[in-house]
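Colleague: I would like to see how this sequence folds:
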Amino acid sequence: MKELALKIFFYLSIVFTLCSFILAIYAQDLMFVGIGVLLAIAAILLGLESKQFSANPFRK
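Modeller: Predicted structure coming up:
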């Protein structure tokens, strides 16, 4: 169940990152670029957590 939630949040963060960058290009506002960078970092961390969970599913 936790692995499914991690995958869902990972893909949602990727979608939100792309939307933020598209909105930044459209609106020409650097605030949206900053939000996109933070979402990209969150996507990387979620991906690493998902990879670590799949390597050892019995960890607490």
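Colleague: Leaving out the residues flanking it, which one is nearest to residue 40?
Modeller: In this structure, residue 40 finds its nearest non-sequential neighbour in residue 17, 5.0 Å apart by C-beta to C-beta, 6 or more residues apart in numbering. (C-beta placed from N, C-alpha, C; glycine too.)
Colleague: Name the helix or strand for that neighbour, please.
Modeller: helix 2-27 (DSSP states H and E).
Colleague: average model confidence for the helix or strand following that helix?
Modeller: Downstream of helix 2-27, the next assigned helix or strand under DSSP H and E is helix 30-55. Per-region confidence: helix 30-55 scores 80 on mean pLDDT.
Colleague: Enumerate every residue touching the residue nearest to residue 39 when sequence neighbours are not counted.
Modeller: Closest residue to residue 39 apart from its sequence neighbours, by C-beta to C-beta, 6+ apart: residue 17 at 4.1 Å. Each residue near residue 17 by C-beta atoms under 8 Å, 6 or more residues apart in numbering is listed here: 36, 39, 40, 43.
Colleague: Quick check: the last one touching residue 13?
Modeller: Pointing back at residue 43 there. Yes: judged on C-beta atoms under 8 Å, residue 43 makes contact with residue 13 at a distance of 4.1 Å.
Colleague: Number of residues surrounding residue 15?
Modeller: Residues contacting residue 15 under the criterion other C-beta atoms under 10 Å number 12.
Colleague: pLDDT value on it, please?
Modeller: 85.
Colleague: Equivalent analysis for the one 10 residues further on, please.
Modeller: Residue-level confidence at residue 25 comes out at 81, pLDDT.
Colleague: any idea how far it is from residue 4?
Modeller: 32 Å (C-beta to C-beta, to the nearest Å).
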